[in-house]
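Visitor: make a model of this:
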Amino acid sequence: MNHIARPLDARTTPTQFAESRGRKIAYRILGQGPAMILCLRFRGVMDDWDPAFLDTLARHFTVITFDYSGLGQSTGTASYRRKAMAEDAKDLADALGLERVVIAGWSIGGIAAQIFTATYPQLASHAVLIGTVPPGEQKHQIDPIFLPTALKPVYDLTDEYILFFDPASEKSRAAADASHERIQSRNADRSPPIPKDTFVRILKESSDPRAVFPDDGRYQAFFEKTDIPVLVISGDREIVFPVENWHALNGKWPTLHLVNLPQAGHGPQHQYPEFSAEIIASFVRNA
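Guide: Predicted structure coming up:
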């Protein structure tokens, strides 16, 4: 890997740019150890990761966050097509000279991470999937409250409780308050939020109406035979991608590790940042 300075604080590590196929991918890098690329959620930019989660990961990994093409500080054509999102991660790995990575993703970023793993298995040492969905038909569906909340132009704290935490839990709401404050603590070089007309347009253009994670069987078949370790971290109050859809794969995916965190919603790594990061580090060391 190219020599790059790695500050250990997610709040201050500078944005850098990797040129690939005619566009610039904005990224940040911190820590030391095996390389880990983190793929973002819907509407996410680099500043939507909790610094406490990143800083704890950075004790064990070279952590790389990035903005998808055409979003945040990256240039190029914006898309929420899952394969295009996986290609962004692949192009960034190539630009940084990475030969093996822990590929991780949150929400639709977890779908991108699965596609990356199945498409480039020679690059993926481990797959870490947070608050996301497996390929194929889903028996347990998204809670109706999610989409109208997720499509609001701006989230207030109450919206964050609903989207990423467990609004009925005092413990979870307190964790949301603390995470929100940490996320807002970076005061320079922030990636701009994604305007509503942009995220609505590319969501409509990029989403297959047949499924959240369209699959003709290839991804299911891959994970049913791969030896690449897979870790899923989910909350027991997940309203977007219910954890029960993962339970159905116990015994079918030979390398599946499933962690279900209590009183937690769609952002379990923000409610339990240090705990989640340490679970991931132990998984990569031992799986």
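
Visitor: low-confidence regions, the stretch 151-287 of the chain specifically.
Guide: Applying pLDDT under 70 to the stretch 151-287 of the chain flags the ranges 208-211.

Visitor: go again with 80.
Guide: 207-212, 214-216 (pLDDT under 80).

Visitor: can you give me the strands in it?
Guide: Under the criterion DSSP state E, counting those that start in this stretch, the stretch 151-287 of the chain contains strands at 230-235, 256-261.

Visitor: turn the ones you listed into a markdown table, including mean neighbour count.
Guide: Bear in mind the C-beta positions are built from the backbone N, C-alpha and C, glycine included. A markdown table is the format used below for the strands of the stretch 151-287 of the chain (neighbours: other Cβ atoms under 10 Å):
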| stretch | mean neighbour count |
| --- | --- |
| strand 230-235 | 26 |
| strand 256-261 | 18 |
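
Visitor: in CSV: the ones you listed, plus distance to residue 160.
Guide: Conversion of the strands of the stretch 151-287 of the chain to CSV gives the following (distance: least, Cβ to Cβ, whole Å):
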stretch, distance to residue 160
strand 230-235, 14
strand 256-261, 17
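
Visitor: quick one: which of those is nearest residue 65?
Guide: Set against residue 65 and scored by Cβ to Cβ, these come closest in strand 230-235, at 17.1 Å.

Visitor: list the strands paired with the closest one, with their directions.
Guide: strand 124-130 (parallel), strand 256-261 (parallel) (DSSP bridges).

Visitor: distance to residue 108 added to those strands, as TSV?
Guide: As requested, the strands paired with strand 230-235 are exported to TSV (distance: least, Cβ to Cβ, whole Å):
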stretch	distance to residue 108
strand 124-130	11
strand 256-261	19
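
Visitor: how about those, which one is nearest residue 272?
Guide: So among those, strand 256-261 is nearest, using Cβ to Cβ, at 5.7 Å.

Visitor: now the helices: where do they sit in the chain?
Guide: Assigned by DSSP state H, the helices in the chain fall at 51-57, 82-95, 108-119, 146-150, 157-164, 170-183, 196-206, 218-223, 244-247, 268-271, 273-286.

Visitor: so what touches the fifth one?
Guide: Contacts to helix 157-164, defined as Cβ atoms under 8 Å, 6 or more residues apart in numbering, come from residues 145-146, 149-150, 152, 155, 167, 172-173, 176-177, 180, 239-240, 265-267, 270-271.

Visitor: any idea of the mean pLDDT in stretch 29-41?
Guide: Throughout stretch 29-41, pLDDT has a mean value of 96.

Visitor: do the same with stretch 130-148
Guide: On average, stretch 130-148 scores 90.

Visitor: how long is that stretch from one end to the other?
Guide: End-to-end distance for stretch 130-148: 22 Å, by Cα to Cα, to the nearest Å.

Visitor: buried residues in that stretch, which are they?
Guide: Judged by neighbour count using 16 or more other Cβ atoms under 10 Å, the buried positions of stretch 130-148 are 130, 131, 132, 133, 134, 135, 136, 138, 142, 143.
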